[in-house]
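Undergrad: Structural data only, the sequence is not supplied:
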DNA sequence: CTAAAACCCCCGGTTTTCGGGGGTATCACA
DNA sequence: TGTGATACCCCCGAAAACCGGGGGTTTTAG
């Protein structure tokens, strides 16, 4: 099946179930045993939205051992845009006497028969402008050398496929909202947050660890004024405290470190 | 030039200037007269970052008439993930005697010789996990029918090209800016700092705006214990307070929002 | 001209933070 | 089967941050 055919098959799918089996057929053609699509943008959730054609045993293990919070691929997905494979992940060395949870997770994957995995990150916006991050992993159970060869030739195709797959999934879900998985539904509309120069300055110094008094001295204004700017910024950011405000500012790209 | 060659050329570029001329050559091969990359995620900025090989006259007009705030393609980019062309934009009807600004902008583009344009949206995350949205437009000055034909055959290639181009641009910029990391002192290599599971958890909840009391309830431990973990994490991070610690944790990739 | 927003300063009561100080539980290895 | 390293859990008190207001002048945009 060529790339154009695959995209056509995806765009012709008319329900999430159909979409799932379409992709399954496509990735099987490439030699993968299955795939998992997972919402990667909400690390605070214990069980984010996911779907796919992975083995049930793997799903049970993943949930049971809380791998969402230790999966090193998910962590990387949140900071990158290009596909990568499990073999390229840098795992932490064991500190002390315990195996780090990341290593535990990868060992478990191996125990389930997965010898490699291709992870495709995709960050997208819904029709309200809200941003979502997704991770899709294609499982490989055959010879790792064949996997390497596949990557060289078809990495880009698989990347493109996922983009159109996610887009199609979003279109379907927004069309029939009733039984929609929550993640694919448009979240809060993206609000444009506009901080003034002073507000950005005080937040940036806060991010660098300066207290209100420090910042006041740096900027040559009174501590009370600094507090005023911070309060104003927190209101605009809809943040509950200074720490939250700084985190949001970084996430929104308002301040750079 | 094939797709793989084009991507190779992009990934081999070592500066923004080189990257720009690489892409220019590639899109000229497709028949476009030039391109403009623009940071589309900040509607609040009057002059967002942009670069490209557009005619200087067009750039002057764009700035002079403040087209950033009326460009209908930019507005659409913020809500979509697939490439589209100017012809598919739905422009508002003229009300009364005034031309809507969107129409004005498209008319101006035509006056500058552009008969069509392919717009490729791309939403990406940087190494801090911050989300950005970009718009790249490829200008078409030839026969519109040839443009339609090109889209059918090569839309996906152009889409993929942009993804790798943006990623490469980000890599170059973040490499060049690494001499001014105020928040990361040289000694703070990510590898040397290892937080335990609990330490990471309390820092992550702090970044999401939770107070010590909130976090204690979420984790089912006493507030004093939560404080203990935070203090321990701050020591390891060599951070002067919680806000600083959270900023550092994000910068080091230890926690995600 | 006028309204809105940026910028600057202040108070008082409440909550959080962060320097310390404790302790137990678990695990790999000898 | 102990031993040592580490994760994990709890407490105190002085200092700082938070949060709700209250002022005012200057700059910007319609």
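TA: Nice, thanks for sending it over. Just so you know, these numbers come straight off a predicted model, no measurement behind them.

Undergrad: list the buried ones in stretch A:163-176?
TA: Neighbour-count burial for stretch A:163-176, with 16 or more other Cβ atoms under 10 Å in any protein chain shown as criterion, is recorded at A:163, A:164, A:165, A:166, A:167, A:168, A:169, A:170, A:172, A:173. No exception for glycine: its C-beta is placed from N, CA and C like everyone else's.

Undergrad: filter these by proximity to chain B?
TA: Filtering these for proximity to chain B by Cβ under 8 Å from any Cβ of the partner chain leaves A:163, A:164, A:166, A:167.

Undergrad: just to revisit the earlier point, confidence-wise, which of the buried residues of stretch A:163-176 comes last?
TA: Among the buried residues of stretch A:163-176, residue A:173 has the lowest pLDDT, at 78.

Undergrad: picking up where we left off before, from the ones next to chain B among the buried residues of stretch A:163-176, which land in helices?
TA: A:163, A:164, A:166, A:167 (DSSP state H).

Undergrad: And the closest residue to residue A:198 other than its chain neighbours, how close does it get to DNA strand C?
TA: Excluding its sequence neighbours, the residue lying closest to residue A:198 (Cβ to Cβ, 6 or more residues apart in numbering or on different chains) is residue A:229, at 5.0 Å. Here residue A:229 is placed at a distance of 7 Å from DNA strand C (Cβ to the nearest atom of the strand, to the nearest Å).

Undergrad: in which helix or strand would I find residue A:229?
TA: helix A:223-237 (DSSP states H and E).

Undergrad: For that helix, give me every contacting residue.
TA: For helix A:223-237, contacts defined as Cβ atoms under 8 Å, 6 or more residues apart in numbering or on different chains pick out A:193-196, A:198-203, A:206, A:212-213, A:215-216, A:219, A:239-242, A:244-245, A:248-249, A:252.

Undergrad: Ok, stretch A:198-207 next?
TA: Residues contacting stretch A:198-207 (Cβ under 8 Å, 6+ apart): A:195, A:214-215, A:218-219, A:226, A:229-230, A:232-233, A:236, A:242, A:245-246, A:249-250, A:254-257, B:183, B:243-244, B:247.

Undergrad: what mean pLDDT does that stretch have?
TA: Average pLDDT, stretch A:198-207: 90.

Undergrad: same thing with stretch A:58-72?
TA: 88.

Undergrad: So what's the gap between it and the chain middle?
TA: With Cα atoms, centre = their mean, to the nearest Å as the basis, stretch A:58-72 stands 15 Å off its chain's centre.

Undergrad: is any part of that stretch close to DNA strand D?
TA: No: under the criterion of Cβ under 7 Å from any atom of the strand, stretch A:58-72 makes no contact with DNA strand D; the nearest approach is 11.6 Å.

Undergrad: Tell me the span between the first and last residue of that stretch.
TA: 16 Å (Cα to Cα, to the nearest Å).

Undergrad: So for that stretch, what gets flagged as buried?
TA: Neighbour count says stretch A:58-72 has A:58, A:61, A:62, A:67, A:68, A:69, A:70, A:71, A:72 buried, by 16+ other Cβ under 10 Å.

Undergrad: okay, the residues you listed in TSV with distance to residue B:14 and secondary structure next?
TA: Converted to TSV, the buried residues of stretch A:58-72 look like this (distance: Cβ to Cβ, whole Å; DSSP: H, G, I helix; E, B strand; the rest coil):
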residue	distance to residue B:14	secondary structure
A:58	42	helix
A:61	44	helix
A:62	41	helix
A:67	38	helix
A:68	38	helix
A:69	38	helix
A:70	36	coil
A:71	33	coil
A:72	29	helix
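
Undergrad: Let's have these in a markdown table, adding distance to DNA strand C.
TA: Formatted as a markdown table, the buried residues of stretch A:58-72 follow (distance: Cβ to the nearest atom of the strand, whole Å):
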| residue | distance to DNA strand C |
| --- | --- |
| A:58 | 23 |
| A:61 | 18 |
| A:62 | 20 |
| A:67 | 17 |
| A:68 | 21 |
| A:69 | 17 |
| A:70 | 15 |
| A:71 | 20 |
| A:72 | 20 |
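
Undergrad: Show me what the strand or helix carrying residue A:161 packs onto, helices and strands only.
TA: If you go by DSSP H and E, residue A:161 is part of helix A:144-175. For helix A:144-175, the packing partners by 3 or more Cβ pairs under 8 Å, 6 or more residues apart in numbering or on different chains; DSSP states H and E come out as helix A:3-12, helix A:16-30, strand A:34-39, strand A:116-125, strand A:131-140, helix B:3-12, helix B:144-176.

Undergrad: With respect to DNA strand C, which of those lies nearest?
TA: strand A:131-140 (23.5 Å; Cβ to the nearest atom of the strand).

Undergrad: and stretch A:7-14, is it in reach of chain B?
TA: Yes: residues of stretch A:7-14 contacting chain B under Cβ under 8 Å from any Cβ: residue A:7.

Undergrad: Could you pull up the mean pLDDT of that stretch?
TA: The model assigns stretch A:7-14 a mean pLDDT of 92.

Undergrad: got the contact list for it?
TA: In contact with stretch A:7-14 (Cβ under 8 Å, 6+ apart) are residues A:1, A:19, A:22-23, A:25-26, A:160-161, A:164-165, A:168, A:172, B:156.

Undergrad: buried residues in that stretch?
TA: Result for stretch A:7-14 [16+ other Cβ under 10 Å]: buried residues A:7, A:9, A:10, A:13.

Undergrad: and what of stretch A:228-247?
TA: A:229-230, A:233-234, A:236-237, A:239, A:242-247.

Undergrad: Those residues: which ones sit near DNA strand D?
TA: Near DNA strand D, by the rule Cβ under 7 Å from any atom of the strand, you find A:230, A:234, A:242, A:243 out of the buried residues of stretch A:228-247.
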